[in-house]
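In: I'd like to go over a predicted model; first the sequence, then the structure.
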Amino acid sequence: MSHFSILRTVTVLVFLTLGTINTASAWFRLPCTDPLVQERIDPIISPGKIPSQHVHTVHGASNFAANSTFDTLRASKCTSCQVSQDLSNYWFPKLYFRDPKTKMFEAVSNGGELYIRTHRLEILFIYVKGLLIYYQNRGSLDKINGGPGLKAFPPGFRMITGNPVKRTKVYPDGLGTQEELGERAIAWACLRYTTSNADYYGTGSFPHTDCEVRHAAWFHPSLLVSKVVFISPRAGTARQNVDSPDHKSHVAYLSILDNGSCPSTHPVGLMKLFYEITWNIHDFTGRWQESDGWPFVWVNSLSIRKKNFPDLFHPHRLLETQLVIPGTVISKTDGTLIHPGSVLQKAIDNCNNPNDDTINGVISACPYFNLIDPAKAVTCKTNPVVNEPVSGSPMAKLPGCNPIQTGPGDATLYNEANCPI
């Protein structure tokens, strides 16, 4: 049995070059449609607790819950992402706009209903509602680079990347330590095609201007893009180390983040996950000026970008589920058995032909995936269990206890017992 993921995130890729590593490895994009639900639930950090500390936008399997497990997710009836065997959840903190005049909060929608990639003379239209997930064969352990091959995620695998309180970049880019790679793994982008403003890409802070819409209607809007590179190598053997007390020590970053080698302490190569989340901040154009300061805030340990104050590095969670070929008998007893016939493992091993579109990230080119029509995937919903407004009309405060905190110092995470507001 091997797997896709239940994950909580904010997002995407830093393309780097490694001279000794073949960069023509396989990869594929998993598009997700409208969110499954938006609420204060976190099965990894706050298992069983209702509500959790802050609001998440959730995509994926319909059985998302505060106590989600490998087995409950496998029993889901649908998924909002576009591979039917992927009964996983992907989730990340919500972004809000704080009106400089009224001081009220409004939810920012995830954007990008149309995503385009070109291959040869083709134009590939992909329905995406804010979340695009990249699965990438990377690193020295990949077979194409002479290694033993990458492994699919084992059942019960859990992982955290990021830091919910940190908002100041400490290490110089390129230092290469796991701590520095963790800082560089989280970034924001603002691409522009309609104004004289320069494109923005940063790993230490948000931009400070609007992200304008692209010039051509058939491209998706140039929105604020949150980007995250997940940790890849894993410690132990295939049946070991699916978690650690801090949910991250059992995994490590590749040596140059997008590619490279695994530390000797983490000898099991996993597919590198990379997430792209888009936000429609252009919806609020005309309601704020640069002199007001950056008006967009995360719902967890919030910070508003003041002049030179980088924003916090957001936490991202991963809880693995599995992909099983239809008709395969699942003989799972202890939650750690890896089935050699799993869909993800077959995709890793076989969907890496440099002569077809598997080399270009086109998920439909990999025959092991059953793709769902976006019109069907978008109907997959689950009802929130927390009864509170998280979007719609302007709100005087953010859901939960999340007062505005400005940098550069670390944020404080509050709960009901010590809430100052």
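Out: Nice, I can see it.
In: model confidence over stretch 75-87, on average?
Out: Stretch 75-87 shows a mean pLDDT of 91.
In: wait, stretch 351-371
Out: Across stretch 351-371, the average pLDDT comes to 86.
In: ditto for stretch 262-277
Out: For stretch 262-277, the mean confidence score works out to 88.
In: Kindly check the end-to-end length of it for me.
Out: From its first residue to its last, stretch 262-277 covers 27 Å (Cα to Cα, to the nearest Å).
In: how about that stretch: buried residues?
Out: Under the neighbour-count criterion of 16 or more other Cβ atoms under 10 Å, stretch 262-277 has Cys262, His266, Val268, Gly269, Leu270, Met271, Lys272, Leu273, Phe274, Tyr275, Glu276, Ile277 buried. The C-beta positions use only the backbone N, C-alpha and C, and glycine is treated the same way.
In: Look up which residues are beta-bridged to the fifth one.
Out: Beta bridges link Leu270 to Lys151 when assigned by DSSP bridges.
In: how about the buried residues of stretch 262-277, which pair is most distant?
Out: Largest separation among the buried residues of stretch 262-277 by Cβ to Cβ: Val268 and Ile277, giving 27.5 Å.
In: thinking again about what came up before, out of the buried residues of stretch 262-277, name the ones that lie in strands.
Out: The strands, defined by DSSP state E, take in Lys272, Leu273, Phe274, Tyr275, Glu276, Ile277 from those.
In: show me where the chain has helices.
Out: 70-74, 178-184, 343-350, 374-377 (DSSP state H).
In: now the ones in strands among the buried residues of stretch 262-277 as a markdown table including distance to Asn89?
Out: Listed next are those as a markdown table, based on distance: Cβ to Cβ, whole Å:
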| residue | distance to Asn89 |
| --- | --- |
| Lys272 | 19 |
| Leu273 | 14 |
| Phe274 | 17 |
| Tyr275 | 13 |
| Glu276 | 17 |
| Ile277 | 15 |
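In: returning to that earlier point: what's the most buried one of the helices of the chain?
Out: Of all the helices of the chain, helix 343-350 has the most neighbours on average by mean count of other Cβ atoms under 10 Å, namely a mean of 22.
In: How far off centre is that helix?
Out: In terms of Cα atoms, centre = their mean, to the nearest Å, the centre of helix 343-350 is found 21 Å from the chain centre.
In: From the contact counts, what lies against that helix?
Out: Where contact means 3 or more Cβ pairs under 8 Å, 6 or more residues apart in numbering; DSSP states H and E, helix 343-350 is not packed against any helix or strand.
In: rerun that using 10 Å as the cut-off
Out: Applying 3 or more Cβ pairs under 10 Å, 6 or more residues apart in numbering; DSSP states H and E, we find helix 343-350 packed against strand 131-136.
In: Send me the strand it packs on as PDB with only the CA atoms.
Out: Below are the C-alpha coordinates for strand 131-136, written out as PDB (Å, rounded to 0.1, in the frame of the first residue of the first chain):
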ATOM      1  CA  LEU A 131      -4.400  24.400  -4.900                       C
ATOM      2  CA  LEU A 132      -2.100  22.500  -7.200                       C
ATOM      3  CA  ILE A 133       0.100  19.700  -5.800                       C
ATOM      4  CA  TYR A 134       3.300  18.600  -7.400                       C
ATOM      5  CA  TYR A 135       4.700  15.100  -6.800                       C
ATOM      6  CA  GLN A 136       8.300  15.000  -8.000                       C
END
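In: where does the stretch 1-150 of the chain dip in pLDDT?
Out: Along the stretch 1-150 of the chain, the parts satisfying pLDDT under 70 run over 1-26, 112-128.
In: Strands of that one, start to end?
Out: Listed in chain order, the strands found in the stretch 1-150 of the chain under DSSP state E, counting those that start in this stretch are 5-8, 27-32, 37-39, 56-60, 89-93, 95-98, 105-107, 115-119, 122-126, 131-136.
In: what does the stretch 251-400 of the chain give?
Out: Using DSSP E, counting those that start in this stretch, strands in the stretch 251-400 of the chain cover 272-279, 296-298, 316-320.
In: which residue packs closest to the residue in the chain sticking out farthest from the centre, ignoring adjacent ones?
Out: Within the chain, the residue lying farthest from the chain centre (Cα atoms, centre = their mean) is Lys101, at 32.2 Å. Leaving aside its chain neighbours, Lys101 sits nearest to Arg287 (8.0 Å; criterion: Cβ to Cβ, 6 or more residues apart in numbering).
In: go on, Val83?
Out: That would be Phe369: by Cβ to Cβ, 6+ apart, it lies 4.9 Å from Val83.
In: Return the residues in contact with the one you found.
Out: By Cβ atoms under 10 Å, 6 or more residues apart in numbering, the contact set of Phe369 is 28, 30, 82-86, 323, 343-344, 346-347, 351, 363.
In: Greatest separation within these: which pair is it?
Out: Using Cβ to Cβ, the contacts of Phe369 span at most 18.0 Å, a distance reached by Gln82 and Lys346.
In: just to revisit the earlier point, how far away is the residue nearest to Val83 from Cys190?
Out: Applying Cβ to Cβ, to the nearest Å, the value for Phe369 to Cys190 is 32 Å.
In: before we move on, what about Asn63?
Out: 35 Å.
In: Next, the residue nearest to Val83: phi, psi?
Out: Here is the backbone geometry of Phe369 (degrees, to the nearest 10): phi -100, psi 130.
In: ok so, going back, which of the ones in strands among the buried residues of stretch 262-277 sits closest to Lys227?
Out: Proximity of those to Lys227 (Cβ to Cβ) peaks at Glu276, which lies at 6.1 Å.
In: okay, stretch 56-71 in PDB with CA atoms only?
Out: What follows is stretch 56-71 as a C-alpha-only set of coordinates in PDB (Å, rounded to 0.1, in the frame of the first residue of the first chain):
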ATOM      1  CA  HIS A  56      -8.100  25.800   7.500                       C
ATOM      2  CA  THR A  57      -9.100  25.500   3.900                       C
ATOM      3  CA  VAL A  58      -9.400  21.800   3.300                       C
ATOM      4  CA  HIS A  59      -9.200  19.800   0.000                       C
ATOM      5  CA  GLY A  60      -9.500  16.100  -0.700                       C
ATOM      6  CA  ALA A  61     -11.300  13.100   0.900                       C
ATOM      7  CA  SER A  62     -14.800  13.600   2.300                       C
ATOM      8  CA  ASN A  63     -14.100  11.900   5.600                       C
ATOM      9  CA  PHE A  64     -12.000  14.800   6.900                       C
ATOM     10  CA  ALA A  65     -12.500  15.100  10.700                       C
ATOM     11  CA  ALA A  66     -10.700  16.000  13.900                       C
ATOM     12  CA  ASN A  67      -9.900  12.400  14.500                       C
ATOM     13  CA  SER A  68      -9.100  11.300  10.900                       C
ATOM     14  CA  THR A  69      -7.100   8.200  10.500                       C
ATOM     15  CA  PHE A  70      -5.700   6.100   7.600                       C
ATOM     16  CA  ASP A  71      -8.700   3.800   7.700                       C
END
